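> Need coordinates for the following:
(2 chains)
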Protein chains: 2
Amino acid sequence: MTENYDPIISLDPFFNPQSIAIIGASNHPMKPGGRPINALLGRGWQGKIYPVNPARDNIGGLKCYPSIMDIPDTIDLAIIAIAADHVFSALEQCAAKGVKAAIVFSSGFAEVGPEGVSQQKRLTELAARTGMRILGPNCLGLINANNNVMASFAFIVDLPPVDPKVLGFVSQSGAFGSVIYAAALAEGVGFNYFISVGNEADLEFADFIEYMVHDPQTMLIGGYLEGSRDGDKLRKVAEEALDNKKPLLIMKVGRTSAGSKAAASHTGSLAGSDRVYSAFFKQVGILRIGNYTDLIAFTPLFQSGRLPRGRNTAIIATSGGAGVTITDYCESLGLNVIPLREETRKKIDSVLPSFASSRNPIDLTAAVMTEPEIMAVTLRAVCEDPDVDIVIASLNFTIPDDHPVVGEIIEIYRNTDKFILIAPFKFPGAPVEPAVLEFRKASLPVNYNTMDAINALEQLTQFKEALERRKQEKYRIVPRSGPTPIISDLIRPGETLGESSAKAVLERYGIPIARQEVASTREEAVISARRIGYPVAMKVDSPDIPHKTEAGGIKLGLKSDEEVAKAFDEIINNVKNYLPTAFISGVTVQEMLPEGTEVIIGVTRDPVFGPTIMFGLGGIFVEVLKDVSFRVAPVSRGDAEDMIMEIKGSAVLKGVRGKPPADTEAIVDVILKVSDMVTDYRDSIEELDINPLIVYPRGAKAADAMLVTRG
Amino acid sequence: MTENYDPIISLDPFFNPQSIAIIGASNHPMKPGGRPINALLGRGWQGKIYPVNPARDNIGGLKCYPSIMDIPDTIDLAIIAIAADHVFSALEQCAAKGVKAAIVFSSGFAEVGPEGVSQQKRLTELAARTGMRILGPNCLGLINANNNVMASFAFIVDLPPVDPKVLGFVSQSGAFGSVIYAAALAEGVGFNYFISVGNEADLEFADFIEYMVHDPQTMLIGGYLEGSRDGDKLRKVAEEALDNKKPLLIMKVGRTSAGSKAAASHTGSLAGSDRVYSAFFKQVGILRIGNYTDLIAFTPLFQSGRLPRGRNTAIIATSGGAGVTITDYCESLGLNVIPLREETRKKIDSVLPSFASSRNPIDLTAAVMTEPEIMAVTLRAVCEDPDVDIVIASLNFTIPDDHPVVGEIIEIYRNTDKFILIAPFKFPGAPVEPAVLEFRKASLPVNYNTMDAINALEQLTQFKEALERRKQEKYRIVPRSGPTPIISDLIRPGETLGESSAKAVLERYGIPIARQEVASTREEAVISARRIGYPVAMKVDSPDIPHKTEAGGIKLGLKSDEEVAKAFDEIINNVKNYLPTAFISGVTVQEMLPEGTEVIIGVTRDPVFGPTIMFGLGGIFVEVLKDVSFRVAPVSRGDAEDMIMEIKGSAVLKGVRGKPPADTEAIVDVILKVSDMVTDYRDSIEELDINPLIVYPRGAKAADAMLVTRG
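Next up, the predicted model:
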């Protein structure tokens, strides 16, 4: 991406071409070379269609050209629907003709093995060389429903679009993407764009997200993602989406295909690719959806134009069972079903029968069937409760047609800024009630699938929270002030740094470390111990011994010259017995750190997102429970705080079993310094473990560390 | 429940009456006294209907009687639809008339407050005294769809039943239960019974489950439960349901209304009512469902008559995206998407195009559209793979009508014992394809809601596993052999036993405890220490000091007479300063236990289920992470093993960070002894904490304990 890259200008020929050539055009309306022509004509696209096929004169009433060079017009978009072998030369002709955008339907590229990979590489190079942008190969093409550009051979080109067209959708799976499109369309979701990205030889998933972020006709963006090609680009476009207040909902699959790379550090072995995706999505405000039903429920809620102010929820139900069931679901998602204020309950009690309940979840009982007005009174009361952000009204009865309560409910909605969701019940196949049509006309969200709607509501709340974070100073990435610390003298490519060297690197970045010296002889050890002051700890310094305790490579609480001398000999002996081939650089003599709370801060290089920082509590918490959090570097202060709060065991840092609270600010500080380091030396550092960092009521010190550089 | 109680005989008059009287009969077909008459007549019930209403001569063409006493016939079932004030005398008349079963629709009882509670108590007593069984009050009544007994005023009596009628449903919410019934019926679930239990003055939720467990027409049982009245009865009927191979699916709501009783022990404070319900359901094989959609998906799968052998799953998809999405969902539920055998993949590869994948999840690609036969070849191959238990075929295309592959798939299904689920895609509102109708005719499960179906499939697997456990010896409750240990001399009602007394109780049950003596003076302490042998630990013995460390009430590793004497004085001083009012029974001198793995075993009395046992790892695991498991006493050996395996940190017991594995058999042994104790003294013990039990490579010892007796 060059600096003056403009996604709208660059991709516009795909979405708003004046002329389209179909290379490999076919008469058959179901074939890849025929379906787009059929659909473009059928939907009445306004531009010029040029079929190209040397074997025909005429396709669908259009003149057919033997080659693209023979077309007496400029071509904005070329669709390539010919065998893989002929694709490259066709694309060369397109470039020569001045075509700006090409879609390659043809398969037989990277998906078929090494031969295909090299064929595909030629396409990538051709795009870079000529500036002609390529979508595909091995893709289903794209749809712009705003102007009927049906540049796809997916069956969905034959489906009539739904208004209003607000959702842009990008898919890494053509077939499954089409199913998502079709299913959501059938449920009333209005798509404007659909793009199947195929093998991504040139343009990729994030490029199309970027286009839609800047496209004024797109209100929200959906995606089906198997794996991102460029984490940095995805981060940038996700942040731009937030800046443009456009929710980005991505169905990321492959949760269980955990990163399988062999890792030397704890951090490396814990960072499965899916955990990093989840952390990254949270960090940049992408909403991770589990299925396309989420998209179907989310879109109309978002179209209401209102966002929940917070997570405090009031539930109005017409049966106790429904109220409790909805409460359980809300609480499981982190929507708080709060106690209502006294004055709110008084207002509700004044109209409810004695056996009904004004306690949240409110149970109007069957009384609402004979007196629908009590619904309006209750709704007004909870909307007036200053603690309430969200109101969910579950109606297991039919509001009588033309009953004044319909208008009252709409009026209450207009006069409040609370988020209201109406969740009525309806038999499958039964018609939509007139009251529901009235609500929808007033942009008041109504959804018959209560649980789906609540799930979407929680996602909408997440979006609101991401927008809030984006505004906060502490979530801004602050570049380190001052010159970049030099560490290149300490690291060489492809090596594992043991404790003393790794801690030396940390020290350059101002990370507090336990005072230490490396001794090569017992005499040096004694001199060091005197200099540091008794008591001291001693540890073998060897890149080959990651687990020093097991190797008998650690002695703690040594109080005299004699103890130090003896410990030196024992450590050397133990380690030699444990691993005769180990390279021993010496024995570290270290100040004996007082007890504190042990945490681990680490870094791993994610293949997509680059350096990724991990935080967890030390010992069993990390090793057995895998209770750790991740963020992609660079991280902000707010991100670092979130990492600490996010682990299940975070209460340990507040002080338990008589321990004082740990200095979480000191942890944040180390995380930010590690973030600086791996950002500065992004291409040099492969893995890092600070394990443990011992945290005190004031301050923290790295007691041990290891660092692996890139090969 | 008396010993010769027979649920079928006792409840039969509700479900198979020859005559029904409606007291408070009404002409209005929507009123509680009119709707049942209307429905009984409308659905052509074959028995005799006797309306009772002094103000009318005739209702719906039937002669109306001034009182039940005037009816010249015996009455099996009476429906009471009159104001609360008159219910009791009407019931007395019914009993006098020899009515066997009464349904009370009327509200105005326990649900309206103390006055109603005492009114309801009179109904309970009347039922006990007369032997006439009562359903309700404040209920919607019941339906027996097998013979058209529509003894309900719920709107659902007007819905035509669906065949085959296999599901019995009991609900503690009338309104919500009706919605569940209606929604499930509309999706093709065939109900035979629906019972709204209302306030449960006499008959309750579990009584109707019991009826259906023994009723030959019921294949599976569903329930909506807010809270069980009798945990023991529910346990008994759940076990009988398993013995009769009938799945019991219960939607238990109120997850977040955690038990709020103030608890002295860790166990008490961690055992929220919902956690105990979940543990109990697991223990007795009840399937906990989250919503009625689960019932809709489960019923047809179960009706196929086949159960999954295990959790190993093969997925056949027609797009990579669908395959990965389904894989993620399966793995999240604990269905293992396993690698297929080499020979299986060879068979599949022989028919797949090169760009398709025979790796599980198998991607047939769009090739299946032109050659549907490859579906049959693939299905046959995975069914022949001995590792596979379950096959999920996701078909995002339409099988052509009358294609021979339909017959082939059915033939494969007939010749395998694997569980096959066909999950096709269909636009909302589109007709069901002929192929799907063929599959259904052959009992081959087909579900258009893929994720719901997989969820139900996992529940079916849970059911299979519960059946297996029921067969295993180790899941049988083994009564303790030998005489019941006497502990009554050690406990008095309503007191909290400190360490030494609590451990004395444990000792009576053969639970190994650290050797200890209580000293009242420093001199006694020294004598005890010499007797036990150095080193020793010393701890204050006081029921008022649950957290001894904080109070300065513990000294460890004391090696000499001097240290013991000094420690005695310090402990007494510390505790007096910490809590001047504390009653100090002395100082325990205890053998200094070597380090081991600390676990906690506790007991709390659940208001529904009685003594409930908890297991967890000690310290932070319990206090911060709440990583504990529960089972209701008495527990079997298998239950105890499950409790240990179920916690997230269970790997700690296998040995981490150089520690040897802990003796889990010793833990099981202590859990079983605790189970014996709280079963023997069910009404005496309120709470117990063995914290910690220190577990060694061989054996375990209780280092500390507290016990609270019932007041």
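
> Please make it C-alpha for all contacts and neighbour counts, starting now.
Fine.

> Tell me the spacing between the residue nearest in space to the middle of chain A and residue B:177.
Residue closest to the average C-alpha location in chain A (Cα atoms, centre = their mean): residue A:281, at 2.0 Å. Spatial separation of residue A:281 from residue B:177 under the definition Cα to Cα, to the nearest Å is 39 Å.

> same deal with residue A:246?
From residue A:246 to residue B:177 the distance is 40 Å (Cα to Cα).

> what about the two, which has more around it?
Shown here are residue A:246 and residue B:177; by other Cα atoms under 10 Å in any protein chain shown, residue B:177 has more neighbours (27 against 21).

> Chain neighbours aside, what residue packs nearest to the more buried one?
In this structure, residue B:177 finds its nearest non-sequential neighbour in residue B:171, 5.4 Å apart by Cα to Cα, 6 or more residues apart in numbering or on different chains.

> Count the neighbours of the one you found for me.
Neighbours of residue B:171 under the rule other Cα under 10 Å: 29.

> Could you do residue A:201 as well?
Neighbours around residue A:201, by other Cα under 10 Å: 24.

> got the contact list for it?
Residue A:201 is in contact with A:120, A:121, A:123, A:124, A:134, A:135, A:136, A:137, counting by Cα atoms under 8 Å, 6 or more residues apart in numbering or on different chains.

> Could I get the pLDDT score of the residue nearest to residue B:177?
Model confidence at residue B:171, given as pLDDT, is 96.

> show me what contacts it?
Applying Cα under 8 Å, 6+ apart, we find residue B:171 in contact with B:177, B:194, B:195, B:196, B:197, B:205, B:223, B:224, B:225.

> Could you measure from the fifth one over to residue B:658?
Distance check for residue B:197 against residue B:658: by Cα to Cα, it reads 57 Å.

> Who has more neighbours out of the two?
More crowded of residue B:197 and residue B:658, by other Cα under 10 Å: residue B:197, with 30 against 9.

> still on that earlier bit, would you mind measuring from the residue nearest to the centre of chain A to chain B?
18 Å (Cα to the nearest Cα, to the nearest Å).

> Can you read off the pLDDT for the residue nearest to residue A:212 when sequence neighbours are not counted?
Excluding its sequence neighbours, the residue lying closest to residue A:212 (Cα to Cα, 6+ apart) is residue A:218, at 5.9 Å. For residue A:218, the model assigns a pLDDT of 96.

> tell me the contacts of the nearest residue to residue A:593 once chain neighbours are set aside?
Nearest non-adjacent residue to residue A:593, counting by Cα to Cα, 6+ apart: residue A:514, 7.1 Å away. By Cα under 8 Å, 6+ apart, the contact set of residue A:514 is A:590, A:591, A:593, A:701, A:702, A:703.

> any idea how far the residue nearest to the second one when sequence neighbours are not counted is from residue A:555?
Taking Cα to Cα, 6+ apart as the measure, residue A:591 lies nearest to residue A:536, with 4.8 Å between them; neighbours along the chain are not counted. Computed with Cα to Cα, the distance linking residue A:536 and residue A:555 is 9 Å.

> Determine which member of these two has the greater number of neighbouring residues.
Neighbours of residue A:536 and residue A:555, each counted by other Cα under 10 Å, are more numerous for residue A:536; the result is 25 against 19.

> Show me what the more buried one is bridged to.
Assessed by DSSP bridges, residue A:536 has beta-bridge partners residue A:558, residue A:591.

> Could you report the separation of it from residue A:595?
For residue A:536 relative to residue A:595 (Cα to Cα), the value is 13 Å.

> Repeat that for residue A:623.
Applying Cα to Cα to residue A:623 and residue A:595 gives a distance of 20 Å.

> So between these two, which is more surrounded?
Using other Cα under 10 Å, the more surrounded residue of residue A:623 and residue A:595 is residue A:623, with 19 against 9.

> For the more buried one, grab phi and psi.
Main-chain dihedrals, residue A:623, degrees, to the nearest 10: phi -70, psi -40.

> same question, residue A:332
phi -70, psi -20.

> so how many other residues sit close to it?
Residue A:332: 12 neighbours (other Cα under 10 Å).

> ditto for the one 10 residues further on
A count of neighbours around residue A:342, defined by other Cα under 10 Å, yields 10.

> Which residue, other than its chain neighbours, is closest to residue A:329?
Closest to residue A:329 by Cα to Cα, 6+ apart is residue A:451, at 7.5 Å.

> Just confirm that neighbour is within a strand.
No - per DSSP: H, G, I helix; E, B strand; the rest coil, residue A:451 lies outside any strand segment and is helix.

> Counting neighbours, what do you get for it?
Number of residues near residue A:451 (other Cα under 10 Å) recorded here: 17.

> so which helix or strand takes in the residue nearest to residue A:212?
Assigned by DSSP states H and E, residue A:218 belongs to no helix or strand.

> try residue A:189
Residue A:189 belongs to no helix or strand, assigned by DSSP H and E.

> before we move on, back to that, quick check on the residue nearest to residue A:593: phi, psi?
phi -60, psi 140.

> Tell me the spacing between residue A:591 and residue B:490.
Distance of residue A:591 to residue B:490, computed by Cα to Cα: 52 Å.

> So these two - more neighbours on which side?
residue A:591 (25 against 11).

> The more buried one: what's it in contact with?
So residue A:591 contacts A:514, A:515, A:516, A:532, A:533, A:534, A:535, A:536, A:537 (Cα under 8 Å, 6+ apart).

> Next, find the distance separating it from residue A:516.
Residue A:591 is 6 Å from residue A:516, by Cα to Cα.

> do residue A:631 as well
Taking Cα to Cα as the criterion, residue A:631 is separated from residue A:516 by 31 Å.

> so what's the residue nearest to residue A:593 scoring on pLDDT?
pLDDT, residue A:514: 91.

> Residue A:270 now?
The model reports residue A:270 with a pLDDT of 60.

> Residue A:261 now?
Note for residue A:261: predicted pLDDT of 38.

> Also residue A:251?
Note for residue A:251: predicted pLDDT of 94.

> Same check on residue A:255?
pLDDT at residue A:255 comes out at 61.

> And for residue A:1?
45.

> Where does residue A:613 fall, secondary structure wise?
Using DSSP H and E, residue A:613 falls within strand A:610-617.

> So which elements touch that strand?
Applying 3 or more Cα pairs under 8 Å, 6 or more residues apart in numbering or on different chains; DSSP states H and E, we find strand A:610-617 packed against strand A:597-606, strand A:628-632, helix A:637-646, helix A:664-680.
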